[in-house]
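1. below are the sequence and a predicted model; questions follow.
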Amino acid sequence: LTETKSMSQFDQSEIEHYIELFYDIDLDRTGIISRREFREFLDREGKSDKEKQKIFNAFDLNKSGQISFAEWCAVLGLNSEEVKVEDPSLDGQFNLISSDMHVRLQVKISRMFEDKFNSAKELKDCAKDLKMALDSRFDKLWHVVIVKGQYWAYYSHEPKYSFVFKYGQHIVLVWKTPMP
């Protein structure tokens with residue numbers, strides 16, 4: 001994040017990586033990275049408080065206390081108007097039941113689920129492994145329930161962090177509760 005190149009120096013996969021990174025850091029899916037979101041990301045990267053402040057200040061070009069996508073691109077030497085940003089869609093084998101989650105996060109979680117589902121020996125391992133992976137990648141307090149057939153559920157979740165989908169014969173409920 002501290003190195004700058006012009007757009008012509010990035011290959012397409014690097015550009016996509018930095019765009020995805022912006023959306024990974026933007027946890028509340030507003031299209032703006034708050035100081036808190038950036039600090040939490042850099043905490044996970046093991047940066048010191050001094051490094052966090054220096055890096056945040058480098059990206060916060062207008063000193064507003066937040067980082068827009070245009071600022072993010074400008075610091076990386078990318079033209080935000082030329083960078084193609086498309087919302088991905090869920091693969092055909094995933095049927096959305098309900099969600100208030102940003103589609104980018106839905107896609108990431110569905111891919112993580114599919115990986116865990118295909119590698120798990122038992123369904124309970126899939127739920128446990130997905131929960132642990134979500135806690136590790138997107139902070140703690142994720143919940144994963146996998147059922148077959150009918151179900152009824154009432155739960156509270158952090159706004160924009162609920163995702164219910166069908167995969168084959170399984171219904172998967174994934175949600176995050178706020179940190180206490």
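-> That came through, no problem.

2. in this structure, where is pLDDT below threshold?
-> 1-10, 29, 84-88 (pLDDT under 70).

3. now the strands: where do they sit in this protein?
-> 32-34, 66-68, 94-99, 142-148, 162-167, 170-176 (DSSP state E).

4. now those strands in a markdown table, with distance to residue 112?
-> Backbone N, C-alpha and C define where each C-beta goes, glycine included. Written out in a markdown table, the entries for the strands of the chain read as follows (distance: least, C-beta to C-beta, whole Å):
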| stretch | distance to residue 112 |
| --- | --- |
| strand 32-34 | 22 |
| strand 66-68 | 26 |
| strand 94-99 | 12 |
| strand 142-148 | 10 |
| strand 162-167 | 11 |
| strand 170-176 | 9 |
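
5. which one of the ones you listed lies nearest to residue 117?
-> Closest to residue 117 of the strands of the chain, according to C-beta to C-beta: strand 162-167, at 7.0 Å.

6. strand partners (parallel or antiparallel) of that closest one?
-> strand 94-99 (antiparallel), strand 170-176 (antiparallel) (DSSP bridges).

7. which of the ones you listed is buried the deepest?
-> Stretch with highest mean neighbour count among the strands paired with strand 162-167: strand 170-176 (a mean of 21; mean count of other C-beta atoms under 10 Å).

8. give me the contacts around that strand.
-> 97, 109, 113, 123, 130, 134, 138-139, 141-149, 151, 153, 155, 157-158, 161-166 (C-beta atoms under 8 Å, 6 or more residues apart in numbering).

9. neighbours of residue 161, just the number please.
-> As a burial measure, residue 161 scores 25 neighbours (other C-beta atoms under 10 Å).

10. I'd say it and residue 106 touch.
-> No: with the criterion set as C-beta atoms under 8 Å, residue 161 and residue 106 do not qualify as a contacting pair; they are 10.7 Å apart.

11. quick check, central residue of this structure?
-> In the chain, the C-alpha closest to the average C-alpha coordinate belongs to residue 24, at a distance of 3.9 Å (C-alpha atoms, centre = their mean).

12. now residue 167. Nearest residue, chain neighbours left out?
-> Among residues not flanking residue 167 along the chain, residue 94 sits closest, at 5.8 Å (C-beta to C-beta, 6 or more residues apart in numbering).

13. mind listing what that neighbour touches?
-> By C-beta under 8 Å, 6+ apart, residue 94 lies in contact with 110, 165, 166, 167.
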